[in-house]
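Peer 1: Got a predicted model here, sequence first, then my questions.
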Amino acid sequence: MPSVLAQLVADPDKFLARPPTEATVWHQPAEPLTAVLSLESVDTLVAEGSLRAAMLSVVLGGQRQPATAYTWGQRPTQPGFADVVRPAELTVLLDRGATLVLESLHRTWPPVGHLCRQLSREIGMPVQANAYLTPAGAQGFAHHHDTHSVLIVQTVGSKTWQVSPPIVTDPLEHQPFRASMVTDEHRRRFAEPVLEVVLRRGDVLWVPRGWIHNGFATDEASLHLSLSLPPITPYWVATELVRGLDVDERFRRDLPWGFGQDPQLRREVVAEVVDLLAEALADLDRTEAADRLAQRWRRYFLEPQRRPVETVLGAPVGPDTAVRSVPEAVCGTDRLPDGRLRLHLADTAVVLDPPTVDPVTVRLVDADRTWTARDLDLPETVAVELVRGLLRAGVVRREPHAPASIRA
């Protein structure tokens, strides 16, 4: 299976070892990466009538428009459809130069979801995706920073980008860009960006977390995919460690009243809690804490694709049912003391018993060949039940990837 990262950056190994700390451009071949998202893809998503307000934003004049401007809102419609996007309203807004922002596209457009899962597996980080469609000569958001690093992939048309150094270094999720951050000195810097580039189909721009960027379409419409990488930081680890202290009743008790009024009391309380923190963290089981944090971190990853109708109502799984492994479904493994292997998925875990570990794991890393329960060299009933469980979990899929016959 071709590497997704190799389609995005010129030197994948160098990128993985040390992601660039400054904005970087790679001029990559347009295919096959740009095929995951086209203008027709956007029309299909919108025309199907299943997008809701949380899945699409509209930006006009640099400002997000209220959802009522492009959903059914208070207009008469079927119950439960008030927040469904109306294609007719989007037509009007696009004609006025609005930018359409397809939010969480990794969940609404399967080709993008597949790309994000593959990239996540290659880099060991969660990957999420938005897309931005901007008419010719128009602009979505002006200068701003993101609280995550982003790979911008131009899939249709072209867009000019201006990039400047951060105002806030490595901003956290609760430190979004605000116009009040910008001083006259910053504005002078924006006028002389350290990078100005026109991205064309297939080009990729890396914008590290916190870097100021400003994009606007050229004389043609622009569609780009924004692949965001939520950061894992010492702040996140520290926050999660403190969150785990809720099992300690010393941190749940009431503190003395008057905290807001009595300066001496405030000082005493803060000193007491700091001492408690130091004691609790010193006694922490670091291995258990690391495992707990890993489990929480995996929740940022995209869960495997699953096909419930095919799994439950499709042809029964037998010893010769051909399947293909989905390596990107697994975002971590643990060998348990009793010899079992736990496969961590984003939303659950699958545990393999010792006799099944070796024959399964050697196949789970290979997505290029098909195999059957019979190939596992296990008792037939054990092997068939194992394949059935892996299908339910989304760790393998049927090959060919289509429902056979649906059982009544």
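Peer 2: Here it is on my side, so go on.

Peer 1: Which helix in the chain has the most residues?
Peer 2: Longest helix in the chain, counting residues (DSSP state H): helix 263-282.

Peer 1: Enumerate the positions of that one that are buried.
Peer 2: If you call a residue buried by 16 or more other C-beta atoms under 10 Å, then helix 263-282 has these buried ones: Ala280. C-beta coordinates here come from the backbone N, C-alpha and C atoms, glycine included.

Peer 1: So which elements touch the helix or strand just after it?
Peer 2: Next in sequence after helix 263-282, counting helices and strands by DSSP states H and E, comes helix 286-298. Applying 3 or more C-beta pairs under 8 Å, 6 or more residues apart in numbering; DSSP states H and E, we find helix 286-298 packed against helix 234-243, strand 332-335, strand 341-344.

Peer 1: May I have the secondary structure class of Ala315?
Peer 2: For Ala315, the assignment made with DSSP: H, G, I helix; E, B strand; the rest coil gives coil.

Peer 1: For Trp371, see how far away it is.
Peer 2: 17 Å (C-beta to C-beta, to the nearest Å).

Peer 1: and the longest strand for this protein?
Peer 2: The longest strand of the chain (DSSP state E) is strand 212-229.

Peer 1: Give me the buried positions along that strand.
Peer 2: 212-218, 221-229.

Peer 1: can you tell me which residues contact Thr233?
Peer 2: When the contact criterion is C-beta atoms under 8 Å, 6 or more residues apart in numbering, the partners of Thr233 are Asp170, Leu172.

Peer 1: got a list of what the residue positioned nearest the centre of the chain touches?
Peer 2: By C-alpha atoms, centre = their mean, the chain has its centre lying nearest to Gln128, at 2.2 Å. By C-beta under 8 Å, 6+ apart, Gln128 lies in contact with Ser104, His106, Cys116, Leu227, Ser228, Pro230, Leu302.

Peer 1: partner residues bridging the fifth one?
Peer 2: Bridge pairing for Ser228 (DSSP bridges) gives the partners Gln128, Val150.

Peer 1: can you pull the contacts of it?
Peer 2: By C-beta under 8 Å, 6+ apart, Ser228 lies in contact with Val127, Gln128, Ala129, Asn130, Asp146, His148, Ser149, Val150.

Peer 1: can you pick the most crowded of the residues you listed?
Peer 2: Ala129 (27 neighbours; other C-beta atoms under 10 Å).

Peer 1: and the gap between it and Leu151?
Peer 2: 10 Å.
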